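Novice: model this:
(chains A, B, C and D)
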Number of protein chains: 2
Amino acid sequence: MGLPDDAAEARAQGWRTLAALHARIEDELERALQKRHGLSVSEYGVLDVLARQDEHHLRMNQLSNAVVLSQSATTRLVNRLEDRKLLERYLCPTDRRGIYTEVTKAGRDLLDKAQPTHDAVLTEALRKATEVPELAPLVDALDKLPMPVS
Amino acid sequence: MGLPDDAAEARAQGWRTLAALHARIEDELERALQKRHGLSVSEYGVLDVLARQDEHHLRMNQLSNAVVLSQSATTRLVNRLEDRKLLERYLCPTDRRGIYTEVTKAGRDLLDKAQPTHDAVLTEALRKATEVPELAPLVDALDKLPMPVS
DNA sequence: ACTTTACGATTGCATGCGCAATCATAGCGC
DNA sequence: GCGCTATGATTGCGCATGCAATCGTAAAGT
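Specialist: Now for the predicted structure:
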């Protein structure tokens, strides 16, 4: 029967597997999005998450939480996208500390073109992963994930 | 019944969930390892993968593949660890293009101290993740992963 | 043996990131 | 109304990363 160390080792092993899978797929997405649409994964993530909001806007804070980046990285990420006219900033009317970001028409158009690329690369990468025995269960779990609550 | 778009959207949703989970946990690991042992996640990964080899050494090439980093990043990562005397380089005797890396005693000792931290943080992070409904199945899948073939 | 090609690792360079400090606005206590 | 603290966002700075070019070694073709 397993000592606690065995359980820890099994978890660590699983984590290494997941981390490696994630890194490889993200690499592929990065290259494909960069090459075909001039977007990094982070930039795509911002446009995607903003477009999926009911109100189509988010505060910097919420945005950095959604893309899992630091506040400073988010500021600069938004700067780059704003410079490219893919999104716009505007002050929150009720709290002038807050700043909303919202995708522009151009941003929406670019996202619409990039989304098929993203999905195709992802689908293919996951399909390939399924062929590796120790990755298959992880990929299967992905498909069965429930939708987020909110 | 789902159009292809629905399937793609479901996959993308699952991927966002996985990517976010991965990013948050890696952040936690990074902070804990950095604070308590002066190691980044990448540095920990190198020591860990090297120590787990039967021969205790790996070529730069294999190493960059194992930690999923570019060759140049791996070179510099190994430089940093070598400067800190945590590992050593030596030429492959049969092919002088190849360079082996091997953990030193000091590297082994540091790894032994860092491993409990890594495992504890990981275990706690996964436990917390289990409490979030849409993450639970993913974490469950992790525990059930088969060991890698080699 | 000589050239050509391939492979493994390193270096120059530009860039995106996190941390800590800072600025601006809001809200609270008095 | 006036400080004091809290919150949201930005900026200065150092650093790790990827890409492309390069160097050194090996192997193959002739």
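
Novice: not counting sequence-adjacent ones, nearest residue to A:E30?
Specialist: A:V41 (5.0 Å; CB to CB, 6 or more residues apart in numbering or on different chains). Any C-beta I mention is one placed from the backbone N, CA and C, and that applies to glycine too.

Novice: quick one: residues contacting the one you found.
Specialist: Counting by CB atoms under 8 Å, 6 or more residues apart in numbering or on different chains, A:V41 touches A:26, A:29-30, A:33.

Novice: let's have those residues in JSON lines, adding secondary structure.
Specialist: Shown next, in JSON lines, are the contacts of A:V41 (DSSP: H, G, I helix; E, B strand; the rest coil):
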{"residue": "A:E26", "secondary structure": "helix"}
{"residue": "A:L29", "secondary structure": "helix"}
{"residue": "A:E30", "secondary structure": "helix"}
{"residue": "A:L33", "secondary structure": "helix"}
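
Novice: which one (most neighbours) among those residues?
Specialist: A:L29 (22 neighbours; other CB atoms under 10 Å in any protein chain shown).

Novice: that one is in contact with A:Q115, isn't it?
Specialist: No: between A:L29 and A:Q115 there is no contact under CB atoms under 8 Å: 11.8 Å.

Novice: helix/strand/coil for A:E134?
Specialist: A:E134 ends up coil, using three-state DSSP.

Novice: that one contacts B:K144, correct?
Specialist: No: applying CB under 8 Å, one finds A:E134 not in contact with B:K144, separated by 10.6 Å.

Novice: the more surrounded of these two?
Specialist: Between A:E134 and B:K144, A:E134 has the larger neighbour count (other CB under 10 Å), namely 16 against 11.

Novice: burial of A:D48, as a residue count?
Specialist: Count around A:D48 with other CB under 10 Å applied: 19.

Novice: what residues are up against it?
Specialist: A:D48 neighbours (CB under 8 Å, 6+ apart): A:111, A:115.

Novice: any idea how far it lies from A:L81?
Specialist: Using CB to CB, to the nearest Å, we find A:D48 at a distance of 12 Å from A:L81.

Novice: residues contacting A:D119?
Specialist: B:8-9, B:11-12.

Novice: hang on, A:E102 packs against A:L50?
Specialist: Yes: using CB under 8 Å, A:E102 is in contact with A:L50, at 6.7 Å.

Novice: of these two, which one has the most company?
Specialist: A:L50 (26 against 16).

Novice: can you tell me the closest non-neighbouring residue to the more buried one?
Specialist: In space, and not counting its chain neighbours, A:L50 is closest to A:V103: 4.9 Å by CB to CB, 6+ apart.

Novice: the one you found pairs with what?
Specialist: A:L87 (DSSP bridges).

Novice: follow-up on the earlier one: nearest to B:A120, of the contacts of A:V41?
Specialist: A:E26 (26.3 Å; CB to CB).

Novice: can you tell me the closest non-neighbouring residue to that closest one?
Specialist: Counting by CB to CB, 6+ apart, the residue nearest A:E26 is A:V41, at 5.9 Å.

Novice: can you tell me how far that neighbour sits from B:E124?
Specialist: 27 Å.

Novice: get me the contact residues on chain A for chain B.
Specialist: Within chain A, the positions near chain B by CB under 8 Å from any CB of the partner chain are A:8-15, A:17-20, A:22-27, A:68, A:118-119, A:122-123, A:126, A:133-134, A:137-138, A:140-149.

Novice: redo that, cut-off 7 Å
Specialist: A:8, A:10-15, A:17-20, A:22-24, A:68, A:119, A:122-123, A:126, A:133-134, A:137-138, A:141-149 (CB under 7 Å from any CB of the partner chain).

Novice: what about these, which are in strands?
Specialist: Counting by DSSP state E, no part of the residues of chain A next to chain B is found in strands.

Novice: drop anything exposed from those residues.
Specialist: A:8, A:10-15, A:17-20, A:22, A:68, A:119, A:122-123, A:126, A:134, A:137-138, A:141-142, A:145 (16 or more other CB atoms under 10 Å in any protein chain shown).

Novice: which of the three states applies to the most centrally placed residue in chain A?
Specialist: Taking CA atoms, centre = their mean, the centroid of chain A lies closest to A:G45, which sits 4.3 Å from it. Three-state call for A:G45 (three-state DSSP): helix.
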